[in-house]
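Novice: Sequence plus the predicted model coming up.
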Amino acid sequence: MNHFESERTGRQSDGGSAGGGEVEMKFARRWIVAGLLLTAPGAQAQLLPSPSSTLGQVSGQAGGIVPHVMDRVEGTLDQAGLDRLPPARLADRLLAARAARIDDLVRRHADSVELDDRREPARRGVILLTGARPESVAALRSAGYGVEDAAIEGLDLAVTRLTVPQGRSLSRALKQVRSLAPEAQASADNLYFPSGASMGLAAAALAENASVRGKAAGLIDGGVARHPSLTGPVEQRGFARGAPRASAHGTAVASLISGTGSIRGGAPGAPLLVADVYGDDPAGGSAFAMARALGWMAARGADVVTVSLVGPDNPLLAGAIRLARERGVSVVAAVGNDGPAAPPAYPASYAGVIAVTGIDGRGRVLPEAGRARHVDFAAPGADMNAARADGGKGKVRGTSFAAPLVAGRLFAKGSVAALRAEAKRGSGLSIICGNCRNND
């Protein structure tokens, strides 16, 4: 979800050219459609690339962005093309792209990813179980399942992780587990995606890992790179293989929470707790990793947590969010970019989560914006700039970049009531930080 458009204010990425301009896109071939329309099964925000950038360009250097982890499918967004499409045709294209992305992800990472019983992508061979009685766990062990107790620290949430017997599909295993433990909640370890696809980047240094004390804003995403706009303390922790690892998406979102100077966020200079749930794991961004990240943030006293990631409903993630909210954590989530005809996006659709959509420079809702069961606020999600992992700044587009502006303002104001009082009405929405576009 992270393609940068070339810009004059920062260094060009490899293969990039100076100057702006949109990339002329063609919709004929399926893989271009998949890359074109904001990555991943729940929507993805975009960092727009230069016209001469190469699709799928990836650095092999250590510390670079690993392909197909944060950036499951590479591609760019033809904004003008989307704006011209009739709503029904746009919805069809977005849904086709979503299906193609899921198919491509599973095909390329069949050793790590498979579909669950709802045909949603998940970590291969893993089932998450909560509320199971000891006798049910014993029955599952006798049926050949590997059993691991894995409590979510900070939330007092007990979880049993089951390893599916070799040769058994996740879909078939889920049916059996629910039969053997009918009192429990069983689900796949579903995967969640940034609301776009990103270009491969040269190695980027992580933001200095300072110890955060007291009030802090949280971010569940990829790792955050060192950037001159991030002047406040940034503490990072990994919840996936190879994490924390600098990412373009995480860096851009972080800058829109607490950036200062040329990239100004909703709460300039705010201390950040960053949970990298991707690292270099092809099955990164899982429900289990996100639940653990929420537990860490709740234990550390984070006031507001930004989640610019989307995926399906998952009982473990739903329970973790409920418990985090009971501990005083406000969760702000993007509604994604798979269009209004896509399934409701989670975690934005959970009760009590502050759901955010994106608007363009004219105040119009992005045509590709996804949907949630409720939408609380809108903020800029296009015609704007955010931090690049190489230290510059670049154009971004997607609901991923609206959510951190709302989260930053909520952190600064201290309450949802105060945030609502600050909002401006437009297009039937409560708009936050309408001029926060960093285009100077």
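Specialist: Alright, I've got the coordinates.
Novice: use CA for all of it now, contacts and neighbours both
Specialist: Will do.
Novice: what's the burial count for residue 337?
Specialist: Here the count is done by other CA atoms under 10 Å, and residue 337 has 37 residues near it.
Novice: My read is that it contacts residue 359, right?
Specialist: No: contact status for residue 337 versus residue 359: not in contact, 11.9 Å apart, counting by CA atoms under 8 Å.
Novice: roughly how far out does the strand or helix carrying residue 107 sit from the chain middle?
Specialist: Assignment of secondary structure by DSSP states H and E places residue 107 within helix 87-108. Per CA atoms, centre = their mean, to the nearest Å, the displacement of helix 87-108 from the mean C-alpha position of its chain is 18 Å.
Novice: Check stretch 225-238 too.
Specialist: Relative to its parent chain, stretch 225-238 has a centroid offset of 18 Å by CA atoms, centre = their mean.
Novice: Please apply the same query to stretch 242-257.
Specialist: On CA atoms, centre = their mean, the centre of stretch 242-257 falls 10 Å from that of its chain.
Novice: residues of it that come out buried?
Specialist: Using 16 or more other CA atoms under 10 Å as the test for burial, stretch 242-257 gives 243-257.
Novice: State the distance from the residue nearest to residue 146 when sequence neighbours are not counted to residue 149.
Specialist: The shortest distance from residue 146 to any non-neighbouring residue, by CA to CA, 6 or more residues apart in numbering, is to residue 163 (4.6 Å). Relative to residue 149, residue 163 is positioned 12 Å away (CA to CA, to the nearest Å).
Novice: Now do the helices in the chain.
Specialist: For the chain, the helices defined by DSSP state H cover 30-36, 79-84, 87-108, 134-142, 170-180, 248-258, 287-300, 315-326, 403-413, 416-422.
Novice: can you count the residues close to the residue nearest to residue 146?
Specialist: Around residue 163 there are 19 residues (other CA under 10 Å).
Novice: With residue 281 as the reference, measure out to it.
Specialist: 18 Å.
Novice: returning to that earlier point: residue contacts, the residue nearest to residue 146?
Specialist: With contacts taken as CA atoms under 8 Å, 6 or more residues apart in numbering, residue 163 has the following neighbours: 125, 126, 127, 145, 146, 147.
Novice: and with 6 Å instead?
Specialist: Contact partners of residue 163, counting by CA atoms under 6 Å, 6 or more residues apart in numbering, are 125, 126, 145, 146.
Novice: Give the bridge partners for residue 274, please.
Specialist: Applying DSSP bridges to residue 274 yields these beta-bridge partners: residue 219, residue 236.
Novice: Give me the neighbour count for it.
Specialist: Neighbour count for residue 274, taken as other CA under 10 Å: 27.
Novice: With residue 414 as the reference, measure out to the closest residue in space to residue 318 that isn't next to it in sequence.
Specialist: Distances taken as CA to CA, 6+ apart put residue 350 closest to residue 318, at 6.9 Å, once the chain neighbours are dropped. When CA to CA is the yardstick, residue 350 and residue 414 sit 21 Å from each other.
Novice: Looking only at neighbour counts, state which of the two leads.
Specialist: Using other CA under 10 Å as the criterion, residue 350 and residue 414 rank with residue 350 on top: 22 against 13.
Novice: State the distance from the more buried one to residue 235.
Specialist: Using CA to CA, one obtains 27 Å as the distance from residue 350 to residue 235.
Novice: Quick check: closest non-adjacent residue to residue 141.
Specialist: Nearest in space to residue 141, with sequence neighbours left out and distances taken as CA to CA, 6+ apart, is residue 147 at 6.6 Å.
Novice: shouldn't that neighbour be in contact with residue 165?
Specialist: No: taking contact to mean CA atoms under 6 Å, the distance of 11.0 Å between residue 147 and residue 165 leaves them out of contact.
Novice: burial of residue 206, as a residue count?
Specialist: Per other CA under 10 Å, the neighbour tally for residue 206 reads 20.
Novice: Give me the most central residue, the chain.
Specialist: To find the centre residue of the chain, average its C-alpha atoms and take the closest one (CA atoms, centre = their mean): that gives residue 309, at 2.2 Å.
Novice: Report the contact partners of that residue.
Specialist: Residues near residue 309 by CA under 6 Å, 6+ apart: 192, 193, 194, 195.
Novice: 7 Å - rerun?
Specialist: Under the criterion of CA atoms under 7 Å, 6 or more residues apart in numbering, the neighbours of residue 309 are 192, 193, 194, 195, 334.
Novice: Identify the bridge partners of it.
Specialist: Checking residue 309 by DSSP bridges, which sets the bridge assignment, gives partners residue 194.
Novice: For stretch 174-194, measure first residue to last.
Specialist: Where stretch 174-194 begins and where it ends lie 26 Å apart, using CA to CA.
Novice: Any buried residues in it, and which?
Specialist: 174, 177-178, 180-181, 184-194.
Novice: before we move on, what about stretch 127-146?
Specialist: Across stretch 127-146, burial judged by 16+ other CA under 10 Å covers 127, 128, 129, 130, 132, 136, 137, 140, 145, 146.
Novice: Okay, and which of the residues you listed map to strands?
Specialist: If you go by DSSP state E, the buried residues of stretch 127-146 have 127, 128, 129, 130, 146 in strands.
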